[in-house]
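> sequence and predicted structure below; questions after.
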Amino acid sequence: MNYSADFLLPIKLISIEDAALTRETGSSKRLTKTTLPTDIRWVKVLEFLRSNNLAPNSRKLYERELKRFLAWSELHYHELRPRHFALYKEYLRDELRTDVGKPLSKSTINASIAALKSFFKWMCYTYPDIIATNPTLGIKLEKVPLPPAQSLTPEQMEQVWSALELLGETKQRDTALVHILSHGLRAGEVVQLNVGSFDGKLLFLPDTKTNEPRLVPLRKESREVVADYLQLRSQQGEVLNSLSPLMISHHASYKGERLSYHGIYFAVEKIGEIAHIEDLHPHSFRHTYATDLLLLGVDPSHARKLTGHQSEKAFRRYTLRSEQSAAIAAYYRAIGEEAE
């Protein structure tokens, strides 16, 4: 066969920018779609999200912020350096805007940086062959004043108990729910509770936000309310075992199934509407519990153990209030007056 230059066919360039490749086979043409290669960086993000015991809201936040970072930078993980994260922080602070055109708050910027720090710490531990040194270590968070604890007043708690009496089908379930939330549990922790998590006196939480098991002692009244709720379900014909969900849904589409994270929020919002308490949410009871523990004189280290706060700094918002109350009481004692 003649392979001389005169014999070779002319080169024809075919554009693949439109993600289609035309191949000629005899007299027919076949159109074959081509797809972009999978971004291996996102594969690692998905692995990170699956391997960590994140609350639903935390998972959404991490996923959103990591996706935003990957859209900003095309560099692979081993190519990233501290200066890139400094530039990204400037981008968040100076260029990015909310839907209403406002700059991102310091708290939002910190949430984004915290997500990156958590992910790259995991990457260094899991894939040291890809990243030997964590490039986010030198990136500082924005200084944000510690927000005050959003505790409910005794009067507001009375309004909540009164509102529960006005409920219909969900009365006993929601009463038990509020009693449990009033012992400092996060909504995500309540979702995971099974009948076997309650031994008649304590709640055992094997999976928590801090990945540390926790025991939560319940008040006598709360123990009785939870026990009555479970007894009612048994009387209604439900067969309970240790793996049965402690809280169940009354929604028509999910009746009898485990009460979801959003179901808990919906139930509490409904109670807030009846009680005329604006913006009542499950975490309101957690704030109230932590504050009350300290006002009762419980040692802060013990209080942190009961609430499952890993960060002493985050818990500081509660100690500030108790210290202030103690200082005010000491002042009135010193001048011979009674504090109102």
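Arrived safely. Numbers count the residues shown, from 1 in each chain.
> just the buried residues of stretch 89-96, please?
By 16 or more other C-beta atoms under 10 Å, the buried positions in stretch 89-96 come out as 89, 92. C-beta here means a position set from N, CA and C on the backbone, and glycine is covered the same way.
> so how far is that stretch off the chain centroid?
Averaging C-alpha positions (C-alpha atoms, centre = their mean, to the nearest Å) puts stretch 89-96 24 Å from its chain's average.
> could you give me the average pLDDT of that stretch?
For stretch 89-96, mean pLDDT is 94.
> what's in contact with it?
72, 103-104, 108-109, 112-113, 139, 142 (C-beta atoms under 8 Å, 6 or more residues apart in numbering).
> tell me which of these fall in helices.
72, 108-109, 112-113 (DSSP state H).
> list only those of these flagged as buried.
For those, a burial check counting by 16+ other C-beta under 10 Å picks out 108-109, 112-113.
> which among those residues gets closest to H183?
Using C-beta to C-beta, T108 is the member of those that sits closest to H183, with 30.4 Å.
> next, the buried residues of the lengthiest helix in the chain.
Longest helix in the chain by number of residues (criterion: DSSP H): helix 312-334. For helix 312-334, burial by neighbour count (16+ other C-beta under 10 Å) applies to 315, 317-319, 321-322.
> partner residues bridging the nearest residue to P245 once chain neighbours are set aside?
Nearest residue to P245 in three dimensions, chain neighbours excluded: R258, at 3.8 Å (C-beta to C-beta, 6 or more residues apart in numbering). Beta-bridge partners for R258, by DSSP bridges, are I248.
> who are the contact partners of R258?
Each residue near R258 by C-beta under 8 Å, 6+ apart is listed here: 191, 245, 247-249.
> same deal with Y88?
69, 72-73, 116.
> and of those residues, the nearest to H84?
Checking the contacts of Y88 one by one against H84 (C-beta to C-beta), the nearest turns out to be S73, at 6.4 Å.
> and for that closest one, the neighbour number?
Using other C-beta atoms under 10 Å, the number of residues around S73 comes to 16.
> which residues does it contact?
Neighbouring residues of S73 by C-beta under 8 Å, 6+ apart: 80, 84, 88.
> same question, S284
Contacts for S284 were tallied using C-beta under 8 Å, 6+ apart; they are 150-152, 268.
> list the buried ones in the helix or strand it falls within?
For S284, the element it lies in under DSSP states H and E is helix 282-295. For helix 282-295, a neighbour-count test (16+ other C-beta under 10 Å) marks 282, 284-294 as buried.
> tell me how the protein divides into domains.
According to automatic domain parsing, the chain comprises the domains 40-126, 154-332.
> how about the helices of the chain, start to end?
Counting by DSSP H, the chain has helices at residues 40-51, 56-72, 82-94, 106-126, 154-164, 171-181, 187-192, 220-235, 261-275, 282-295, 300-307, 312-334.
> give me the beta-bridge partners of the residue nearest to S197 when sequence neighbours are not counted?
Computed as C-beta to C-beta, 6+ apart, the closest residue to S197 that is not its neighbour in sequence is F204, at 5.1 Å. Assessed by DSSP bridges, F204 has beta-bridge partners L215.
> distance of F204 from Q192?
According to C-beta to C-beta, to the nearest Å, F204 stands 11 Å off from Q192.
> for S253, same thing?
From S253 across to Q192, the span is 21 Å (C-beta to C-beta).
> equivalent analysis for T307, please.
Plainly put, T307 is 17 Å away from Q192 if you go by C-beta to C-beta.
> what do you get for E47?
Counting by C-beta to C-beta, the gap from E47 to Q192 is 22 Å.
> with V268 instead?
In this view, V268 and Q192 are 17 Å apart by C-beta to C-beta.
> one step back: need the contacts of R258 in a markdown table with neighbour count, can you?
Output for the contacts of R258, formatted as a markdown table (neighbours: other C-beta atoms under 10 Å):
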| residue | neighbour count |
| --- | --- |
| V191 | 21 |
| P245 | 17 |
| M247 | 21 |
| I248 | 18 |
| S249 | 20 |
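> how close does the spatially closest residue to S222 that is not a sequence neighbour sit to F198?
Sequence neighbours aside, H179 is the residue nearest to S222 in space, at 4.0 Å (criterion: C-beta to C-beta, 6+ apart). H179 sits 11 Å away from F198, going by C-beta to C-beta.
> just for this protein, where's the confidence low?
1-38, 145-149, 208-211, 339-340 (pLDDT under 70).
> next, the residue lying closest to G188 once chain neighbours are set aside: phi, psi?
Using C-beta to C-beta, 6+ apart and skipping residues adjacent in sequence, the residue nearest G188 is A55, 3.9 Å away. Taking degrees, to the nearest 10, you get phi -70, psi 150 for the backbone angles of A55.
> is A55 in contact with L185, as I believe?
No - contact criterion C-beta atoms under 8 Å: A55 and L185 do not qualify, at 11.7 Å.
> who's more crowded, those two?
When neighbours are counted by other C-beta under 10 Å, A55 and L185 differ, and L185 comes out ahead with 25 against 18.
> what's near enough to touch A334?
With contact set as C-beta under 8 Å, 6+ apart, A334 has no partners.
> swap that for L80, please
73, 131, 135.
> how does it look with 10 Å?
69, 73, 88, 116, 120, 123, 131, 135-136 (C-beta atoms under 10 Å, 6 or more residues apart in numbering).
> any idea how far N52 lies from Q150?
27 Å.
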